[in-house]
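>>> need a structure here:
(2 chains)
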Amino acid sequence: MADIPIAETLDCSGLLCPMPVVKTNKAIKNLEVGQILEMIATDPGSIPDMKAWAKQTGHELLEAKEEGGKYRFLIKKTH
Amino acid sequence: MSDQNGRRRLAIIASKGTLDWAYPPFILATAAGAMNWEVAIFFTFYGLPLLKKRLDASVSPLGNPAMPMKMPFGPLEKIELPVPNLIMSNVPGFQQMATALMKKTFKKKGVATIEELRHMAVEMDVRLIGCQMTMDVFGFKREDFIDEAEIGGAATFLEFAADANVSLFI
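The predicted structure is shown next:
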């Protein structure tokens, strides 16, 4: 998904629950609708939590995967 | 989706004031706030001091029989100290040591402090309701608590909780 333009990257490495979702929610507020936020985390719990967060907020989780011990999320702001 | 503006609601009663028990209400409240839920926490009995301007929550081994005691760093990090509960709580200074160890371990692992979580809850407009009756019983004054706290009673909380999707007693 290297061709997706990323508006902002948020690094949540080293942070545990609930910080990745809290910081993601804060960061996405500063984007325009349609823009994409990249979030990097090291907490394995961030995978299920980010999926739940996306379901609850309605923002679109384009990608959630592990890459070399880190978790990378791409979130599209939908509203 | 029970309130008028379509947001989900979380209603929490925080009844415990030790450092370890201070975490669940604030973690759940901020996670729910991050999902755009409406949240209120009712701080009552031993939970009320969590609204004090200066937090001084400590951890008590008493009543936590399964509490693992670990050194936060160094060669003892991997070793659990299965000290019997009653012995731990009778050693002078143990509570201070347990509190310091828990704070260090949490910081090292990347857990936010209670102060940070409470600040985030305020930023998310989480309603922080201090129990008037507990204030009267334990002799707290309004000015002991952060300005963002509101003071109310059981009816204040229940009025909010009546339309909650999730209600928790912690």
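>>> Show me what the helix or strand that residue B:135 is a member of is in contact with.
Here residue B:135 sits within helix B:132-138, counting by DSSP states H and E. Residues from elsewhere that reach helix B:132-138 (Cβ atoms under 8 Å, 6 or more residues apart in numbering or on different chains): B:43, B:44, B:45, B:48, B:140, B:141, B:142, B:151, B:152, B:153, B:154. From N, CA and C alone the C-beta is placed, and that goes for glycine too.
>>> Let's see that with 7 Å instead.
Outside helix B:132-138, the residues within contact range by Cβ atoms under 7 Å, 6 or more residues apart in numbering or on different chains are B:44, B:45, B:48, B:151, B:152, B:153.
>>> Now do the SS call for the residue lying closest to residue A:77 once chain neighbours are set aside.
Spatially, and ignoring its direct neighbours in sequence, residue A:77 is nearest to residue A:31 (4.7 Å; Cβ to Cβ, 6 or more residues apart in numbering or on different chains). Three-state assignment for residue A:31 (DSSP: H, G, I helix; E, B strand; the rest coil): coil.
>>> List the contacts of residue A:31.
A:7, A:8, A:37, A:77.
>>> Now do the phi/psi pair for residue 53.
Since you didn't name a chain, this refers to chain A. Note on residue A:53: its backbone torsions stand at phi -60, psi -40 [degrees, to the nearest 10].
>>> Can you look at chain B instead?
phi -60, psi -50.
>>> what's the closest residue in space to it that isn't next to it in sequence sitting at in phi/psi?
Nearest residue to residue B:53, sequence neighbours excluded (Cβ to Cβ, 6+ apart): residue B:146, at 5.6 Å. Main-chain dihedrals, residue B:146, degrees, to the nearest 10: phi -60, psi 150.
>>> ok, which residues in chain B are in contact with chain A?
B:27, B:30, B:31, B:34, B:35, B:36, B:109, B:110, B:111, B:112, B:120 (Cβ under 7 Å from any Cβ of the partner chain).
>>> could you say what helices and strands the host helix or strand of the second one packs with?
Assigned by DSSP H and E, residue B:30 falls within helix B:19-34. Contact analysis of helix B:19-34 by 3 or more Cβ pairs under 7 Å, 6 or more residues apart in numbering or on different chains; DSSP states H and E lists helix A:19-29, strand B:9-14, strand B:38-43, helix B:94-109, helix B:114-123 as its packing neighbours.
>>> coming back round to it: which ones among the contacts of helix B:132-138 map onto strands?
B:151, B:152 (DSSP state E).
>>> Would you mind giving the contacts of helix B:132-138 as a markdown table with pLDDT and neighbour count added?
Listed next are the contacts of helix B:132-138 as a markdown table, based on pLDDT from 0 to 100; neighbours: other Cβ atoms under 10 Å in any protein chain shown:
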| residue | pLDDT | neighbour count |
| --- | --- | --- |
| B:44 | 97 | 22 |
| B:45 | 95 | 16 |
| B:48 | 96 | 25 |
| B:151 | 95 | 14 |
| B:152 | 95 | 18 |
| B:153 | 93 | 15 |
